[in-house]
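**Q** A structural model of the following input is requested.
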Amino acid sequence: MDFNNTIYESTLIEPSREQPLFGSECDTKTGKSAFHVLLKSAAEHIDERPMYLVFENVEQILGQNKYLDHIVSYIFATEANFWISNSFRIGVVGTQEFSSIVAEGQSDIDPLRNRLKILNPIGPLSLKECIDLVNIGMSDELQIRSDISSEEIGRQIYWHCGGHAQRVQEICLEICREVLERGRDRVDKSILDRVLSKTHRGLL
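**A** Sure, this is the predicted structure:
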């Protein structure tokens, strides 16, 4: 059996270049979406550890039914193939607000509704909590060195995002990614300024 063809043919909706899936546009050469790439990888590794695709912060697409339709279609696509369904799982994480809206939605999004996991909302972090999170995550866990103190990094991140826990995490990960992509061994002021600038301009 050609798993690749089975996967592609079972996908009900193909996101176009005008309808990127959460910012991930289709490959301009193959026309395949990022989701196709994940499914292809799942097919190639069906005898290995399971793969998971998690959609988080889905409350950001409220009112954009085409994206909800995409997620439902991807769930159908994975479950349509017995072999893929055993090695590939889709999870959806949302807030209480999103759950209540989905619960009142149309019946054709039942697959999404049945897989929704609810997280209790987390209030904004205090300045100290933000600094502690930066220190634990970047310094202790990832062991990213820095020319700037964790306190200063945490303070600047805090003032840029108001202590929103998810945004703090995203900014920290982006800082680490910049360090690795630039081949640096530490965070310096140029990297911090670049990431915070992207945050300010809504690019992160």
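**Q** Which positions within the strand or helix carrying residue 70 qualify as buried?
**A** In this assignment (DSSP states H and E), residue 70 forms part of helix 65-79. Neighbour-count burial for helix 65-79, with 16 or more other Cβ atoms under 10 Å as criterion, is recorded at 67, 68, 69, 70, 71, 72, 73, 74, 75, 77, 78. Heads up, the C-betas are built off the backbone N, CA and C, glycines and all.
**Q** and those as TSV, adding distance to residue 179?
**A** Supplementary listing: those in TSV, determined by distance: Cβ to Cβ, whole Å:
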residue	distance to residue 179
67	32
68	36
69	38
70	33
71	32
72	38
73	37
74	32
75	36
77	36
78	34
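**Q** and which of those is nearest to residue 89?
**A** For residue 89, the nearest member of the buried residues of helix 65-79 is residue 78. The distance, counting by Cβ to Cβ, is 7.8 Å.
**Q** gap between the closest residue to the closest one other than its chain neighbours and residue 160?
**A** Of all residues beyond its chain neighbours, the one nearest residue 78 is residue 88 (5.0 Å), with distances taken as Cβ to Cβ, 6 or more residues apart in numbering. In this structure, residue 88 and residue 160 are 36 Å apart, going by Cβ to Cβ, to the nearest Å.
**Q** quick one: contacts for residue 144?
**A** Under the criterion of Cβ atoms under 8 Å, 6 or more residues apart in numbering, the contact list for residue 144 reads 138, 175, 176, 179, 186, 187.
**Q** What residue spans form the domains of the chain?
**A** The chain breaks down into these structural domains: 3-118, 127-200 (assignment by automatic domain parsing).
**Q** between those, which has the poorest average model confidence?
**A** Sorting the domains of the chain by mean pLDDT places domain 3-118 lowest, at a mean of 59.
**Q** can you count the residues close to residue 136?
**A** As a burial measure, residue 136 scores 12 neighbours (other Cβ atoms under 10 Å).
**Q** And it, how close does it get to residue 68?
**A** Using Cβ to Cβ, one obtains 35 Å as the distance from residue 136 to residue 68.
**Q** Likewise for residue 76?
**A** Counting by Cβ to Cβ, the gap between residue 76 and residue 68 amounts to 13 Å.
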